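1. Return atomic coordinates for the entry below.
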Amino acid sequence: MKKVVIGLTLPILLFSESLNDLIEMSLKNKNIMSTQKSVESIQEEYKSVKKGYLPELSIGGAYTDVSHETASYANNSLNAYVDLSYSLYDGGKKDLTYKSYESQIKASKEDLSTLKNEVSLDVIEHYFNYLTYVSQKDAKLKEIEQLNAQHKRLSKFLAVGTTTIDELDRILSTLESAKVELHELDLNIQTVLHELEYITGQRVNIDVGSYIDVINDENEQRNDIKSLEHSVQTKFIDAKSVKTEDNPQITLDNKFTYYDNNYNSSTYETSASNIDRQNIFSVNLTWKLFDFGSTKAAYEASHKSFLSSKSKLEYEKNKASVDLNLAKKSFDIAKLKIKSAQAAVRAASSTYDVVKNKYENGLVDNVSYLEALSDKSNAQSSLSLAENNFEVRKANLMYQKGKNVWEYVK
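-> Modelled structure (predicted):
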């Protein structure tokens with residue numbers, strides 16, 4: 001029988017996931033991959049824009065056949081051309097466009113890191129909630145075991161008339177309530193597993209023992225704040241780019257054309273028509289002098305968008321500073337809660353041992369016994385909750401300090 005049990009439990013042990021495993025799985029989910037593709041999309045778009053500023057070579061041709069031949073139009077003609085063009089100066093827009101894309105790419109990468117941190121925090125919270133529920137379930141099972149033992153003992157006493165039915169009923173009522181609470185804990189455990197399955201994209205079995213390592217490195221800007229900084233920079237550059245519309249623009253163009261004109265009438269075959277090839281080189285200058293304030297209005301709109309983003313950045317920076325201070329205080333309080341919970345467990349365990357001994361010797365009633373048993377179970381559950389909540393608070397602190405949370409999971 002032992003071999004069968006070991007054979008059934010061994011696959012579960014072999015394929016249980018630590019917190020590191022769960023985070024690694026979650027960082028490969030479809031949402032993360034979608035955001036990664038968005039980053040790659042902007043990078044490819046930037047490459048396309050840069051290539052668009054290189055010299056452009058194009059070819060073309062045409063065949064015409066007219067119904068009435070004239071000196072200007074041969075009966076039929078063929079022409080082909082090769083055109084090489086290059087934007088020598090576009091008013092400074094090219095360099096600003098490059099900088100804008102570089103800022104966008106940096107912002108998108110920070111957005112990806114932010115999403116990874118958010119997913120990691122979500123997984124960490126689910127993981128330690130699971131450990132809390134499992135520990136609470138274990139405490140509840142021990143409570144039920146004690147209640148069953150007392151119910152069995154009192155049933156014997158009732159049979160010989162040394163106790164009353166109301167004492168037995170009180171034990172039974174508490175026992176049934178404990179069983180309901182046990183079912184609720186089972187539901188909570190299954191809910192956590194389903195949530196993790198949704199995040200990771202596959203079924204999971206959780207392995208215990210993981211924790212969060214806290215270091216005292218200098219604080220950094222959070223990824224979401226860095227992303228906002230790059231976005232503000234992008235809007236600033238875009239506003240400057242609008243003003244380049246008022247600058248002169250210079251383009252170079254060289255076009256070589258081949259002509260083949262076929263006249264039916266020799267009258268129309270002039271010397272001009274005998275030219276069968278032509279090369280034209282041109283330097284083109286355009287300078288918009290007046291547009292009824294269109295460019296100015298566009299700049300004002302773009303500049304206000306920049307100012308709006310800048311104000312939001314300052315707000316989020318202040319909020320992030322407050323969040324960091326709160327995370328530090330929450331971390332310190334979580335440590336104190338563990339000490340308090342440990343003391344409560346020691347006190348509740350000692351009290352329970354004394355009350356149980358008195359109860360079994362008839363010195364106290366079952367009300368005192370049930371209260372002592374409940375206090376012990378609750379104290380053990382509270383300690384588990386405090387310990388696991390402390391790990392969540394540590395993860396949140398590292399996030400608020402601007403660190404990548406998944407790097408501190410041990």
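
2. Report the distance from the helix or strand containing residue 333 to the chain centre.
-> Taking DSSP states H and E as the criterion, the element that holds residue 333 is helix 294-360. Relative to its parent chain, helix 294-360 has a centroid offset of 19 Å by C-alpha atoms, centre = their mean, to the nearest Å.

3. List the buried residues in the following helix or strand past that helix.
-> Next in sequence after helix 294-360, counting helices and strands by DSSP H and E, comes helix 366-400. Residues of helix 366-400 classed as buried by neighbour count (16 or more other C-beta atoms under 10 Å): 366, 369-370, 372-400. For every residue, glycine as well, the C-beta is placed using N, CA and C.

4. and helix 366-400, average pLDDT?
-> Taken as a whole, helix 366-400 has an average pLDDT of 91.

5. And that helix, what does it pack against?
-> Packed against helix 366-400 by the contact rule (3 or more C-beta pairs under 8 Å, 6 or more residues apart in numbering; DSSP states H and E) you find helix 93-159, helix 165-200, helix 294-360.

6. tell me the angle that helix makes with helix 165-200.
-> Put simply, helix 366-400 runs at 20 degrees to helix 165-200, going by axes from the mean of the first three to the mean of the last three C-alpha atoms, to 10 degrees.

7. Run the chain-centre distance for helix 366-400.
-> In this view, helix 366-400 has its centroid 30 Å away from the chain centroid, taken as C-alpha atoms, centre = their mean.

8. next one: stretch 207-220
-> Going by C-alpha atoms, centre = their mean, the spacing between the C-alpha centre of stretch 207-220 and its chain's C-alpha centre is 19 Å.

9. got it, and stretch 94-109?
-> Worked out by C-alpha atoms, centre = their mean, stretch 94-109 lies 21 Å from the chain centre.

10. Buried residues of that stretch, list them for me.
-> 94, 96-97, 99-101, 103-109.

11. cool, stretch 178-194 as well?
-> In terms of neighbour count (16+ other C-beta under 10 Å), stretch 178-194 has its buried residues at 178, 181-182, 185, 188-189, 192-193.

12. that older thread, which strands and helices lie in contact with the helix holding residue 333?
-> helix 223-243, helix 366-400.

13. Give me the mean pLDDT for stretch 90-110.
-> 95.

14. Contacts for that stretch, please.
-> Contacting residues not belonging to stretch 90-110 are listed as 38-39, 42-43, 45-46, 49-50, 53, 87, 223-224, 226-228, 230-231, 233-234, 237-238, 240-241, 244-249 [C-beta atoms under 8 Å, 6 or more residues apart in numbering].

15. How about the residue positioned nearest the centre of the chain: what's its closest non-neighbour residue?
-> For the chain, the residue sitting closest to the mean C-alpha position, by C-alpha atoms, centre = their mean, is residue 115 at 1.4 Å. Leaving aside its sequence neighbours, residue 115 sits nearest to residue 35 (C-beta to C-beta, 6 or more residues apart in numbering; 5.4 Å).

16. Could you tell me which of the contacts of stretch 90-110 count as buried?
-> Buried by 16+ other C-beta under 10 Å: 39, 42, 46, 87, 223-224, 226-228, 230-231, 233-234, 237-238, 240-241, 244-245, 249, out of those.

17. where does the stretch 51-200 of the chain dip in pLDDT?
-> For the stretch 51-200 of the chain, applying pLDDT under 70 flags the ranges 161-164.

18. which stretch of helix or strand covers the residue nearest to residue 115?
-> Per DSSP H and E, residue 35 falls inside helix 30-52.

19. Between helix 93-159 and that helix, find me the angle.
-> Relative orientation of helix 30-52 versus helix 93-159 (the same axes, to 10 degrees): 180 degrees.
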